[in-house]
Each structure stands twice: as C-alpha cells, then as structure tokens.
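S.K.: here is a sequence together with a model predicted from it:
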Amino acid sequence: MLDQFFSSLSFVDIFNFCVFLVFSVCYVYQIFYVFVTLTKKPPQLTAKKNHRYAVIVAARNENAVIGDLIHSIRVQNYPQELIDIFVVADNCTDNTAAVAQEAGAIVFPRFNKEHIGKGYALDYGFSCIRQHYSENEYEAYFVFDADNVLDVNYFREMNKTFDNGAVASTSYRNSKNYGSNWITAGYAVWFMREAKYLSQARLTLGTSCAVSGTGFFISAKIIDEMGGWKYHMLTEDIEFSTASIVRGRRISYTPTAMLYDEQPLTFRDSWNQRFRWAKGFYQVFFGYGGKLVKGIFTNPKGSRFACYDMLMTICPAMLLTIITIAFNAIIAVLGVTGVMSTGVMITSSLSSIFFCLFNFTLFMFMFGALTTFTEWDNIHAPARKKIFYMFTFPLFMITYIPIALVALVKKASWKPIQHSISVDVQEFAQANAKDADRI
C-alpha cells in the first residue's frame, strides 16, 4: 500500500512530503506544550529568605530611558538594602552615565571600539563588580536592558525562584509599546507566546527554559565558576542558555515576575535587530549543535530532552522553509521556460509554495490569536488594536524569511537600537488596577 502511494508521486511530491514529515516530527512537541500550559498550573513557590542581589545593565546612549529602569528597581516591593545597581556605560557619547549615577546607580564607563557588543560589556561589568565589590557577597546577578521597566513585585517573585534552588531564571517579558504599530505588536506577541507557551510549559514539565535577551538572574556561583561572562556571539543570551543546557544546568522561569521591554518602532531597526538575531542563531547552531546532539544521548536523563528542545530552538528551521520554497520555485520556472515539460510537477510545485506560505501564515495566526486572548489583560492597548494586530502578526513573522536568507550570506555587526519611550512603571500598575476593577 505504501509502495503504491509513493509510486504515484513525483520526486517533487516526495520531497515536499519529506519536508512536511520532518517538520511535524521535530516540532509536534510544541503543540503538546500548549496543552500543558492550558491544562496545568505552574508550581507555586514561597521564599524563606530575602537574598542579596546585584543588578547589571549594559547601556549605550540610553539617557532617555535608563532613569525609568533604575526608578522601577528603587520602588520594588523588596528590601532596597539588598539590591545594588551597576550600569556599564558602554561607548556612550551622551550623558547616560550621569543620568544613571544621579538616579542611584554605580556606573562603570567603558570605551572599547574593538570588542563591541552586549556580551563584552557584561563581562566588563562582572569583572568590575567582582574586583571592587566582592565584600558585598552578592548571591545572584540580575541582567536588564536599559529600556526595561519592572513590575513592582518583580524582585519579590524572582527571589522565590532563587530561594528554591534555581541557578538561573528568566521572567515574563511584556512590552511597554505594544500599541505603537504592527512591528512592536509583532515583537510583543512573540515574546508573550515564548513566555506563556514555551517557558511556562517547560517549567511545569521540569525541563530547562532559555534566557531571552533581558530579565533574568544568574547565580553568583556560576559567574565565579566561569570567571565572568564568556559569551560573545551575536546572541549571547542564547549562547549562554545553550552552553548551560549542554552542561546539564536547568534554567528556570518565573511567570509572576513581569518586565516591560521597548520594541523597535521602524522596520529598518527591526530588520537590523532580527538580522543580528538570525546570524547569532546560526553561530550558536554551528558552535553548539553537535554538543546538543551528543547531550541528547549522553547527558543525565533529566537534561536529555532539554538538549533536544534547545536543538530545535536554535535549529535553522526557517532555512528549511526557504529551501522548500526555492526548490519548488525553481521547478516551476524550469517548467514555464520549457526546460521541463512535466505539467504535473509544475502544478505540484506551485501548489506547494502556496500551501507552505498559507500553512505558515495560518499557524502563526493561530498562535498569535491564542496568545492575544489568553494574555489579553497583560496587553496594554485598546481592544481594537489587540484584535487588529492578531491579523498582522503572521506578516511580521513572514518577514523573518528574507531576514534568515540574508543572514546566511551577509556579515552582521552590533548596531544599537535607539530607545526613547519613557514610561513610569506606575502607569502599568494603575492600568492593571483599572482592569481588575472592571472584572
């Protein structure tokens, strides 16, 4: 029966069927993640002790927003004497250092035109703290971006996770400018989907999460063990996560700790940022892919699936989509120009291109709609925008296709994204209170 099925197919059909099969087998577990999130609540934690933390922020020309972040840390529902804030003013040409210092942070100016990037700035910051403030005996380090603001209970909630033995944890990444346009909304939905339907499921199932850019802590013991921050690829967060999982370390997640992140407003800034991410993912895949494959079979049983999960996260799946579309497009062009005369194969190729893009769009719309409705109260925007941006989310994701393609052949460098949206965390607190009153 199976032989008859394959004998009736052209090699184009067989190729497309194999691609579909590979995608389905590799990523079906993420559908299971959705059911886990919707049917099971994450574990509830309590803390027996308040621990001492250092905050480290790598900031480059962030004078418009750095004060808001520091203020949101200073109004935390957590003992202030247990939090010290350090800002690495990295190759700044504005008054970021002065603004941060006036707001209450300890500032480390850094000027290095050779080693550029967040990873190098973090390494410098950790080095300065360990060299000059070791007597404070920090138990863990928090890493934020300068454009973040924190919910007032952020440290209290993250402290619960640390107190229960986590060596690293990420948090819920929300957006402070969701409603600006379809680009900022696309970012916001993607990060909320990552928090809700990846990190929360992983937490519930007891496997490892991954650090995503900002809003995480790392145990001081790990920093001491590494001798600082030794991850300098274009996506240093994913490199750290992958290296940790390869070593059998589990990164936790704190769903009740929320931060607000500013997203790029223009497509050019978005392209530059996501291009760097795509290039960084390639770097991590080629640098750690083999180690993750080995870890699937040789790591302790509790971390083998985490290796597989991380491999699927960094695997260039978008590249397989590009190859599929390109392959079918070539067949169609050859048919139209007369090089190939098999009409059935041409029809199969054109239909495959259509269904590939259609299925991708449909899948992204379903994920975007699910995320929007389940996280409705966490999205600070009018209802009409929440509905409208559900339909633009697939378009935002489709733009990753050319980005992933260009990242294959073009070099990437660290280009700073301008942040200018000043927000007081109390605005979100008041909005949340109003939503609660309406409920």
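M.R.: Everything's here; your move. Residues are numbered from 1 along each chain as shown.
S.K.: and the helices in the stretch 151-300 of the chain?
M.R.: Using DSSP state H, counting those that start in this stretch, the helices of the stretch 151-300 of the chain run over 154-163, 182-194, 200-205, 220-226, 236-246, 267-298.
S.K.: using TSV, lay out these together with mean pLDDT and mean neighbour count.
M.R.: For glycine as for every other residue, the C-beta is placed from the backbone atoms N, C-alpha and C. Output for these, formatted as TSV (pLDDT from 0 to 100; neighbours: other CB atoms under 10 Å):
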stretch	mean pLDDT	mean neighbour count
helix 154-163	98	23
helix 182-194	97	23
helix 200-205	96	21
helix 220-226	95	15
helix 236-246	96	24
helix 267-298	94	18
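S.K.: got those as a markdown table, with distance to Arg74 columns?
M.R.: Formatted as a markdown table, these follow (distance: least, CB to CB, whole Å):
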| stretch | distance to Arg74 |
| --- | --- |
| helix 154-163 | 11 |
| helix 182-194 | 25 |
| helix 200-205 | 29 |
| helix 220-226 | 22 |
| helix 236-246 | 25 |
| helix 267-298 | 29 |
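S.K.: which parts of the stretch 301-439 of the chain are strands?
M.R.: Taking DSSP state E, counting those that start in this stretch to define them, one finds no strands in the stretch 301-439 of the chain.
S.K.: low-confidence ranges, it, go.
M.R.: Across the stretch 301-439 of the chain, residues meeting the criterion (pLDDT under 70) sit at 318-323, 325-353, 425-439.
S.K.: quick check: angle from the longest strand seen in the chain to helix 154-163?
M.R.: Longest strand in the chain by number of residues (criterion: DSSP state E): strand 252-261. Going by axes from the mean of the first three to the mean of the last three CA atoms, to 10 degrees, strand 252-261 is angled at 160 degrees with respect to helix 154-163.
S.K.: ok so, going back, out of the helices of the stretch 151-300 of the chain, the one nearest Asp90 is which?
M.R.: Judged by CB to CB, the one of those that comes nearest to Asp90 is helix 236-246, at 13.3 Å.
S.K.: where's that closest one relative to the chain centroid, distance-wise?
M.R.: Distance of helix 236-246 from the chain centroid (CA atoms, centre = their mean, to the nearest Å) equals 12 Å.
S.K.: by contact count, what packs against that helix?
M.R.: Applying 3 or more CB pairs under 8 Å, 6 or more residues apart in numbering; DSSP states H and E, we find helix 236-246 packed against helix 118-132, helix 267-298, helix 301-314.
S.K.: could you point out which element follows the first one?
M.R.: It stands for helix 118-132. Note on helix 118-132: by DSSP states H and E, the next helix or strand toward the C-terminus is strand 140-145.
S.K.: residues in contact with Glu114?
M.R.: By CB atoms under 8 Å, 6 or more residues apart in numbering, the contact list for Glu114 is empty.
S.K.: strands along the stretch 1-150 of the chain, start to end?
M.R.: 53-59, 83-90, 106-110, 140-145, 149-150.
S.K.: wait, isn't Thr324 in contact with Phe17?
M.R.: No: counting by CB atoms under 8 Å, Phe17 is not a contact partner of Thr324; they are 11.1 Å apart.
S.K.: more neighbours: these two, which one.
M.R.: Thr324 (19 against 14; other CB atoms under 10 Å).
S.K.: can you get me a residue count around the residue nearest to that one when sequence neighbours are not counted?
M.R.: Spatially, and ignoring its direct neighbours in sequence, Thr324 is nearest to Val19 (5.1 Å; CB to CB, 6 or more residues apart in numbering). Using other CB under 10 Å, Val19 has 18 other residues around it.
S.K.: hang on, Phe86 packs against Tyr53?
M.R.: No: if you go by CB under 8 Å, Phe86 and Tyr53 don't touch, sitting 10.9 Å apart.
S.K.: circling back to that earlier point, so which of the strands of the stretch 1-150 of the chain gets nearest Phe32?
M.R.: Between the strands of the stretch 1-150 of the chain, strand 140-145 lies closest to Phe32; by CB to CB that is 30.4 Å.
S.K.: now the helices and strands packed on helix 236-246 in a markdown table, with distance to Ala140?
M.R.: Listed next are the helices and strands packed on helix 236-246 as a markdown table, based on distance: least, CB to CB, whole Å:
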| stretch | distance to Ala140 |
| --- | --- |
| helix 118-132 | 12 |
| helix 267-298 | 24 |
| helix 301-314 | 21 |
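S.K.: which residues touch Gln200?
M.R.: For Gln200, the contacting residues are Thr37, Pro42, Tyr253, Pro255, by CB under 8 Å, 6+ apart.
S.K.: separation between it and Tyr253?
M.R.: Distance, Gln200 to Tyr253, by CB to CB, to the nearest Å: 6 Å.
S.K.: which neighbours do the two share?
M.R.: In contact with both Gln200 and Tyr253: Pro42, using CB under 8 Å, 6+ apart.
S.K.: where does the most centrally placed residue in the chain fall, phi/psi-wise?
M.R.: In the chain, the residue lying closest to the centroid (CA atoms, centre = their mean) is Ser212, at 3.6 Å. Taking degrees, to the nearest 10, you get phi -130, psi 80 for the backbone angles of Ser212.
S.K.: now it: how far from His380?
M.R.: For Ser212, the distance to His380 - CB to CB - is 20 Å.
S.K.: quick one, what contacts Val99?
M.R.: By CB under 8 Å, 6+ apart, the contact list for Val99 reads Asn63, Ile66, Gly67.
S.K.: buried set for stretch 115-124?
M.R.: Ile116, Gly117, Lys118, Gly119, Tyr120, Ala121, Leu122, Asp123, Tyr124 (16 or more other CB atoms under 10 Å).
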